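Student: Pasting the sequence and the predicted model now:
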Amino acid sequence: MNVSRIYQPRNPLFWLMLVLNGLSPLLAWVVQNRPLNAVATLVVTCFAIGNALLGMWLAWRLLREEPAAPAQETPGAGNDSTS
């Protein structure tokens, strides 16, 4: 298993993983530093934990699957000028 497989900028799962893993600390900061009632604290905490779990699952999925090979153009493809 190669850790460099996580970096796949052409894969939408990579960007979703980055957003989710960035949102989780933000939600944890809100819970710790903002005065919330018990229900709001519970809801935001559940979202933070869910975000962290989903982000880790996406990272694991990126590690497990092979990165897509870059598309290669074939000579003459798309150049159908027969005039």
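Tutor: Right, received. Where do you want to start? From a predicted model like this one, the values you see are computed outputs, not experimental measurements.
Student: Let me know the secondary structure of the closest residue to F14 other than its chain neighbours.
Tutor: Distances taken as C-beta to C-beta, 6 or more residues apart in numbering place Q8 nearest to F14, at 4.6 Å, with adjacent residues excluded. Bear in mind the C-beta positions are built from the backbone N, C-alpha and C, glycine included. Following DSSP: H, G, I helix; E, B strand; the rest coil, Q8 is assigned to coil.
Student: tally of neighbours for Q8?
Tutor: 16 (other C-beta atoms under 10 Å).
Student: likewise R10?
Tutor: 10.
Student: And A38, by the same measure?
Tutor: 7.
Student: Then L20?
Tutor: Using other C-beta under 10 Å, L20 has 19 neighbouring residues.
Student: I'd guessed it sits against L54; true?
Tutor: Yes: judged on C-beta atoms under 8 Å, L20 makes contact with L54 at a distance of 5.5 Å.
Student: got the contact list for the residue sitting nearest the centre point of the chain?
Tutor: Centroid check for the chain by C-alpha atoms, centre = their mean gives M17 as the closest residue, at 1.6 Å. M17 sits next to I6, G55, L58, A59, L62 when contact means C-beta atoms under 8 Å, 6 or more residues apart in numbering.
Student: all helices of the protein, in order?
Tutor: With DSSP state H as the criterion, the chain has helices at 12-33, 38-64.
Student: Which positions within the longest one qualify as buried?
Tutor: What it means is helix 38-64. In terms of neighbour count (16 or more other C-beta atoms under 10 Å), helix 38-64 has its buried residues at V44, A48, N51, A52, L54, G55, L58, A59, L62.
Student: Need these in CSV (columns: distance to V30).
Tutor: What follows is these, written out as CSV (distance: C-beta to C-beta, whole Å):
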residue, distance to V30
V44, 6
A48, 8
N51, 12
A52, 14
L54, 18
G55, 17
L58, 22
A59, 23
L62, 27
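Student: Mind picking the two most distant members of these?
Tutor: For these, the maximum inter-member distance is 26.7 Å, found between V44 and L62 (C-beta to C-beta).
Student: Look up how far L13 lies from L63.
Tutor: 11 Å (C-beta to C-beta, to the nearest Å).
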